[in-house]
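Peer 1: sequence and predicted structure are below.
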Amino acid sequence: MTSDTINDALTAAPNAEGTLLAGRYRIVRQLGQGGMGSVWLAEDTQLDDKPFAIKMLPSILVANKRAYRQLKDEALVAMRLVHPNIVQIRAFEENDGNPFLVMDYVDGQTLDDYLAEHALGEAASRRFNSAPLGEAASRRFTGTTGVPPVAHGLPEADVLRILRPIAAALDYAHAKGVVHRDVKPGNVMIAKDGTPYILDFGIAREIQETLTRVTGKLSSGTLLYMSPEQLNGAQPKPAQDVYSFAAMVYECLKGEPPFSHGQIEFQIMNKQPEPPPGGTQLVASVMSGLAKNSEDRPPTCSAVLEGDGFSHKERKDAGAVARVATETGRSRVSRPPDSQPGRVASPRRPQGGVWKILLAVFVLGLVVTGVWGLRRGMNGEARGEEEGEHTVFASGHKGIQLWENGPYWAETNIGAEKPWECGYYFWWGDTVGYKRENDAWVASDGSSLNYSFEDKATPTDDKATSTLKRNGWITGDNVLSPEHDAAHVHWGGAWRMPTDLELDDLCKKCDWIWTTTNSANGYVVRGRSSYASASIFLPAVGESDGGTSLFRAGYAGYYWSSVPRSGSSHSWYLYFYDSNDHGKDGFGSRYDGYAVRPVQGFTK
C-alpha cells in the first residue's frame with residue numbers, strides 16, 4: 001500500500017482489517033475516528049499478538065517537516081512518562097512515510113461516554129442525541145416529552161474514585177516537566193475493571209496547533225475545558241491543566257461543563273460559572289480551580305479534589321506573612337535602636353503605631369498558619385511530601401501502602417533502580433544476591449564472577465524449621481532473622497522481606513493488572529477503595545532453576561517471603577504466570593533464586 005493511500009484506506013475501513021503496518025502491527029478493527037486522526041486496534045506480531053492501540057496521524061503533517069519534527073519530539077517526551085494511570089506511548093512509527101503512534105490498549109470506555117450513561121443533563125443529552133438511539137435510551141436521556149431532564153452529575157464518591165488516580169497521574173507528569181494541555185473527559189479512559197487512565201499527553205493539542213499553523217484554520221473541539229491563559233496563547237504551564245481538570249470535575253459533578261452556551265470564549269475570560277449543587281468543600285475547591293488568575297487556583301490537580309480550597313496565592317501570602325513576622329522580630333532583637341559599642345541600650349518603649357502593626361502582622365501569621373493547619377488536619381492530610389497519604393520514605397527508598405493496616409511495599413526490587421527492573425536473585429536466607437549478566441551470575445558484592453547457584457549448596461536447603469531456628473537463621477516468630485534477611489541487610493532500618501500472609505493479602509486485597517512497562521512485562525498491583533490511587537509494579541523476573549539459566553523470565557515472577565514452610569526444605573513465595581495466574585505457594589526450594597520486594601511496618 002503506497003504512502004498516498006494508507007491513511008485513506010484505513011479511514012475507509014472496509015478492507016483495513018489485516019493490514020500490516022511497519023511490518024509488525026496487524027490491524028484488527030477501528031476504534032475511533034476524528035479530526036486528529038483515526039485510532040485502530042492492532043496486534044503486535046512480534047509480541048505474541050499483544051493488542052495495542054494505533055493512532056494514525058493526519059497525512060497533512062507529513063508534508064510539513066517542521067510540524068512533523070515538533071510532533072515527534074512531543075511524542076518522545078510523552079513516551080518517558082511511566083505511571084500506572086497513564087496510557088503509555090510505546091513507539092512513534094512510520095509506514096511508507098506515514099506516521100503513527102503505538103499506545104497501550106485499554107479495553108473500556110471514555111469518561112465522556114461514562115458520563116453520558118450515568119450523568120443526566122444537557123451535555124449528556126447532547127452526546128446521546130448526536131447518535132442514533134433506541135427508544136428506551138431516548139426516553140432515559142430526553143424524557144418521554146423530549147425535554148432534557150434537570151442537570152445533575154455523579155455522586156461525589158464516584159467522582160473521587162475515578163478522578164483521584166487521574167489527578168495523581170497529572171501531578172506526576174507536572175513533576176517531570178510535562179503539561180498535558182488537553183485534559184477533558186474524552187481523554188480519560190475507564191477500563192472494564194474500573195481503572196481510570198489518561199491518554200494523549202500533549203499529542204492531541206500538538207496536532208491541533210500544528211494543523212492550525214499548517215492550514216490556517218482554528219482547530220477547537222476542547223474549548224469547553226480551556227483556561228483563560230490558553231485562550232490568550234500563553235506558554236503551557238501546569239496551572240492550565242489544573243483549570244482543565246477542575247472543569248472536568250465540575251462536569252462530573254453537575255452533568256455539564258462550566259460554560260456550554262453562548263459565547264464560550266467570552267465567558268471563560270470574564271464570567272464565573274454557577275457552582276455545582278451541594279455546597280461541599282469539594283465544590284468550593286473545584287470553583288477555586290476555575291479561577292481566572294492561575295495563582296488563585298490550587299497548586300496541583302490532587303489539591304482540587306482535596307477540598308481545602310487553598311490557592312497558590314493564599315499559600316504564598318501565608319508564607320510571606322510568617323516571614324515578615326519572623327524577620328521583623330529578628331531585626332528588632334538583633335539591632336536595638338539605641339545600641340552603641342561599649343554601651344548597654346536603655347529600655348525604650350516602641351511607638352504605638354509601629355508596635356500595633358508588628359503585633360497585627362505576627363497575630364495574622366499565627367492565625368493563617370493555624371487555620372491552614374487545622375483545615376488540612378480536618379481533611380486528613382498526614383502525607384509524604386507530594387506523594388500522597390499512602391506513601392513513606394525510609395533509608396532513601398519509597399514505600400507504598402496498598403490496604404488499611406497493611407505494610408508499605410517498596411517501589412523497587414532489591415538491587416534495582418527502577419520498578420520495572422529485576423534487581424538481584426537470592427536463594428532463601430542469602431544476603432549477597434546475584435544478577436544475570438552476559439550469561440553469567442555476578443555477585444552483588446563483586447566477590448565472585450561467573451557464579452553459579454550450583455557451585456554452592458545453600459545452608460538452609462534440606463534443613464528443618466527447628467534446625468534453622470536453633471542455628472539462628474529464623475526467629476521465634478518463624479521468620480528470617482535480621483542478619484539473614486536480604487531486605488534488611490541491603491536497605492537497613494525497618495525494611496524486611498514480606499511474610500507469607502502479607503503475600504497472600506497482596507493477592508487477595510489488591511487488583512492485579514498485567515501490563516508492559518519500559519519493555520518489561522509484569523503486574524501493576526493496585527489497592528482498592530480509598531487506596532485505589534496507590535500501586536506498585538512487579539516485573540516478571542522469572543526464577544533461577546538452580547543452575548545458570550532463568551525460567552520464564554519476562555513471563556513469570558517469583559518473589560521470596562521471609563517464612564519457611566514448616567516440615568520441609570521449601571519456603572513460601574509469591575508467583576505469577578503471564579496474565580493468567582498469581583498467588584502464594586509453599587514449595588519454593590530454598591536452593592532456587594527468587595527476587596525480593598521489601599516491605600516495612602505492620603508485621604503479620
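Peer 2: Okay, I see it. Residues are numbered from 1 along each chain as shown.
Peer 1: please name the nearest non-neighbouring residue to residue 588.
Peer 2: residue 573 (4.0 Å; CB to CB, 6 or more residues apart in numbering). Backbone N, C-alpha and C define where each C-beta goes, glycine included.
Peer 1: repeat that for residue 435.
Peer 2: Leaving aside its chain neighbours, residue 435 sits nearest to residue 442 (5.3 Å; criterion: CB to CB, 6+ apart).
Peer 1: surely that neighbour touches residue 433?
Peer 2: No - Residue 442 is beyond contact range of residue 433, at 9.8 Å (criterion: CB atoms under 8 Å).
Peer 1: more crowded one of those two?
Peer 2: Per other CB atoms under 10 Å, whichever of residue 442 and residue 433 has more neighbours is residue 433, with 23 against 18.
Peer 1: so how far is residue 531 from the more buried one?
Peer 2: Residue 433 sits 30 Å away from residue 531, going by CB to CB, to the nearest Å.
Peer 1: contacting residues for residue 257?
Peer 2: Contacts for residue 257 were tallied using CB atoms under 8 Å, 6 or more residues apart in numbering; they are 123, 224-225, 247, 250-251.
Peer 1: element containing the residue nearest to the spatial centre of the chain, please.
Peer 2: The residue lying closest to the centre of the chain (CA atoms, centre = their mean) is residue 169, at 3.6 Å. Per DSSP states H and E: residue 169 is located in helix 156-175.
Peer 1: got it, and residue 460?
Peer 2: Per DSSP H and E, there is no helix or strand for residue 460.
Peer 1: and if you look at residue 579?
Peer 2: Assigned by DSSP H and E, residue 579 belongs to no helix or strand.
Peer 1: check it and give its pLDDT.
Peer 2: Looking at residue 579, its pLDDT is 73.
Peer 1: wouldn't it be in contact with residue 516 here?
Peer 2: No - counting by CB under 8 Å, residue 579 does not reach residue 516; the two are 10.6 Å apart.
Peer 1: just want to know which of those two has more residues nearby.
Peer 2: residue 516 (18 against 13).
Peer 1: so what's the more buried one bridging to?
Peer 2: residue 521 (DSSP bridges).
Peer 1: and it, how far from residue 28?
Peer 2: When CB to CB is the yardstick, residue 516 and residue 28 sit 18 Å from each other.
Peer 1: now residue 419
Peer 2: Distance from residue 419 to residue 28, by CB to CB: 30 Å.
Peer 1: and these two? which has more neighbours close in?
Peer 2: residue 419 (23 against 19).
Peer 1: for the more buried one, which non-adjacent residue is closest in space?
Peer 2: Leaving out its chain neighbours, the residue that sits closest to residue 419 by CB to CB, 6+ apart is residue 537, at 4.3 Å.
Peer 1: average model confidence for the strand or helix carrying that neighbour?
Peer 2: According to DSSP H and E, residue 537 maps onto strand 535-539. Averaged across strand 535-539, pLDDT comes to 95.
Peer 1: and the angle from it to helix 156-175?
Peer 2: Put simply, strand 535-539 runs at 60 degrees to helix 156-175, going by axes from the mean of the first three to the mean of the last three CA atoms, to 10 degrees.
Peer 1: circling back: show me what the helix holding residue 169 is packed against.
Peer 2: helix 111-118, strand 188-191, strand 196-198, helix 238-254, helix 281-289, helix 301-306 (3 or more CB pairs under 8 Å, 6 or more residues apart in numbering; DSSP states H and E).
Peer 1: now what about the third one, what contacts it?
Peer 2: In this structure, residues lying in contact with strand 196-198 by CB under 8 Å, 6+ apart are 85-87, 106, 111, 162-163, 165-166, 169-170, 180, 183, 187-191.
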